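>>> when you get a sec, could you give me coordinates for this:
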Amino acid sequence: MKDYIFNIHDVVLLMTVAESILLALLQAALPAKNRLYDRLLTAFLLIIAIGSATTLVLWNDQVHLTRTIDQFWIPYFMMIALMLKGPSLYLYVAAITRASFELKPIHLIHLAPAVSAALLMVLFSIDSNDLRHIWTLGEAQPERVVTFLWDAAKLVPLVYSFAAVTLVQRYRSELKDEYSHFSNTEPRWLNVLTLGFFISWTWTVFVHILAKYSSPQIADYLGIADNYITFILINGLFTYSLAYAHQLLVTRSEETRAPAEDKPSDSAIDRVQHAMTVDKVFLQQNLNIEQFGARLNLPVKEVSSVINKHFGTNFFEFINSYRVEEAKRLLADPGMAEKTVLDILLESGFNSKSAFHRFFKRLVGESPSEYRKRMIKAS
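Numbers count the residues shown, from 1 in each chain. Coordinates of the predicted model:
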């Protein structure tokens, strides 16, 4: 009877490794706009690949490299990968959701769990047998250290995934405040990704705790489910990346084929300018591009072309910049001194206090109250 090297669970791990590496290569090949978050995503995928590969080697007795690698290098790579997958996901999400995000020396603190784990393993000479709780009679058994390492390896990713989910929820809230037509900007895929890993790593912690109070066989079966969840998430990310790559290539192809025909007409530019400076359509709250186009009797595509290519911005930045200018005019008017800042923002077309303050501070460089005091004092 033949002995099989890999069972179905091992195949899932192998496919997770393969897809993660393919995704990392795909990210490197794409002409991305923001190379930082692409590098962070590539790092996250490679960490997932290393974690899955080392898990396979550690627990499959049929897979051997060399004794030194199996006994000493594999546990280090695996533990470091487990400690880094949470921070890498968090930093990737931060790079997407925070404007002008850049890596700074302070971010090295996220390496602390991995560095601490490696130092503990060196200090107590932890090897593969220790991590698998296999000890020979009379040998020193660093059980408490091993238990602590496994506890940390399960808990650290969960904490970081919760932080990543929080970042995405805050980002969605900001988008709702800033953009009237939220359905086109909602980061559904990022929300699904972070929630998916949060659920997966919550399950990992649950199984880890359950293993302390149940039979090892039950814990093993439940733990294997975590590999399947990770595999499903990587497949989802793989599908999204392929769709994104296809969309990017199609867009670039269209831009190459017809660069000149997309130039907005002078009449369309004049109508957009007239709507903003004379009709002041930006004073309408919750204005979206479809309503704006209908007011001008222009197709949405043409309105978008004028704003993007002639004015060099997007629709909501364009509208809110005029709202900020209107707010500046009202705040500087001594006759409006009795009006509160809330009254001013509503009269300017904003419908959110947080969005108003965020845009005003970014475009003017000071808060509305500071601007009002300075202008009234100068008049």
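>>> can we go C-alpha only for contacts and neighbour counts from here?
OK.
>>> where do the helices of the stretch 101-250 of the chain begin and end?
112-123, 128-131, 143-178, 188-211, 216-257 (DSSP state H, counting those that start in this stretch).
>>> show me the contacts for the residue nearest the centre of the chain.
The residue lying closest to the centre of the chain (Cα atoms, centre = their mean) is residue 93, at 2.3 Å. Neighbour list for residue 93: 37, 164, 167-168, 190 [criterion: Cα atoms under 8 Å, 6 or more residues apart in numbering].
>>> would you mind measuring from it to residue 38?
Computed as Cα to Cα, to the nearest Å, the residue 93 to residue 38 distance reads 11 Å.
>>> hey, what's in contact with both of the two?
With Cα under 8 Å, 6+ apart, residue 93 and residue 38 have no common neighbours.
>>> for residue 143, grab the count of nearby residues.
Neighbourhood size, residue 143 [other Cα atoms under 10 Å]: 13.
>>> tell me the SS of the closest residue to residue 91 other than its chain neighbours?
Closest residue to residue 91 apart from its sequence neighbours, by Cα to Cα, 6 or more residues apart in numbering: residue 40 at 7.0 Å. Assigned with DSSP: H, G, I helix; E, B strand; the rest coil, residue 40 falls in the helix class.
>>> thought residue 40 was touching residue 88?
Yes - contact criterion Cα atoms under 8 Å: residue 40 and residue 88 qualify, at 6.5 Å.
>>> neighbour-wise, which of those two wins?
Using other Cα under 10 Å as the criterion, residue 40 and residue 88 rank with residue 88 on top: 25 against 20.
>>> list the residues that contact that one.
Residue 88 neighbours (Cα under 8 Å, 6+ apart): 40-41, 43-44.
>>> quick check, nearest of those to residue 330?
residue 40 (44.0 Å; Cα to Cα).
>>> quick one: that closest one from residue 75, how far?
Separation of residue 40 from residue 75 (Cα to Cα): 24 Å.
>>> point out where this structure drops to low pLDDT.
1-8, 30-34, 99-100, 134-141, 174-187, 215-223, 237-238, 240-262 (pLDDT under 70).
>>> for residue 350, helix, strand, or coil?
coil.
>>> got the contact list for it?
Residue 350 makes contacts with 283, 285-286, 320, 323, 356, as judged by Cα under 8 Å, 6+ apart.
>>> go ahead and build a PyMOL selection from the buried members of these.
A single PyMOL command is used to select the members of these judged buried by 16 or more other Cα atoms under 10 Å:
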select buried, resi 283+320+323+356
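>>> and the contacts of residue 350, which of them are in helices?
Under the assignment DSSP state H, the contacts of residue 350 contribute 320, 323, 356 to helices.
>>> can you tell me which of those lies closest to residue 196?
residue 356 (32.9 Å).
>>> isn't that closest one up against residue 345?
Yes - the pair residue 356 / residue 345 is scored as a contact, 6.6 Å apart, by Cα under 8 Å.
>>> common neighbours of those two, please.
Joint contacts of residue 356 and residue 345 (Cα under 8 Å, 6+ apart) do not exist.
>>> how about exporting stretch 37-49 as PDB, limited to the C-alpha atoms?
Extracted C-alpha coordinates of stretch 37-49, given in PDB (Å, rounded to 0.1, in the frame of the first residue of the first chain):
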ATOM      1  CA  TYR A  37       1.000  49.900  -0.600                       C
ATOM      2  CA  ASP A  38       1.800  47.500  -3.400                       C
ATOM      3  CA  ARG A  39       5.100  46.700  -1.700                       C
ATOM      4  CA  LEU A  40       3.300  46.200   1.600                       C
ATOM      5  CA  LEU A  41       0.700  43.900  -0.100                       C
ATOM      6  CA  THR A  42       3.600  42.000  -1.700                       C
ATOM      7  CA  ALA A  43       5.200  41.700   1.800                       C
ATOM      8  CA  PHE A  44       2.000  40.500   3.300                       C
ATOM      9  CA  LEU A  45       1.500  37.800   0.600                       C
ATOM     10  CA  LEU A  46       5.000  36.600   0.900                       C
ATOM     11  CA  ILE A  47       4.600  36.300   4.700                       C
ATOM     12  CA  ILE A  48       1.500  34.300   4.200                       C
ATOM     13  CA  ALA A  49       3.300  32.100   1.800                       C
END
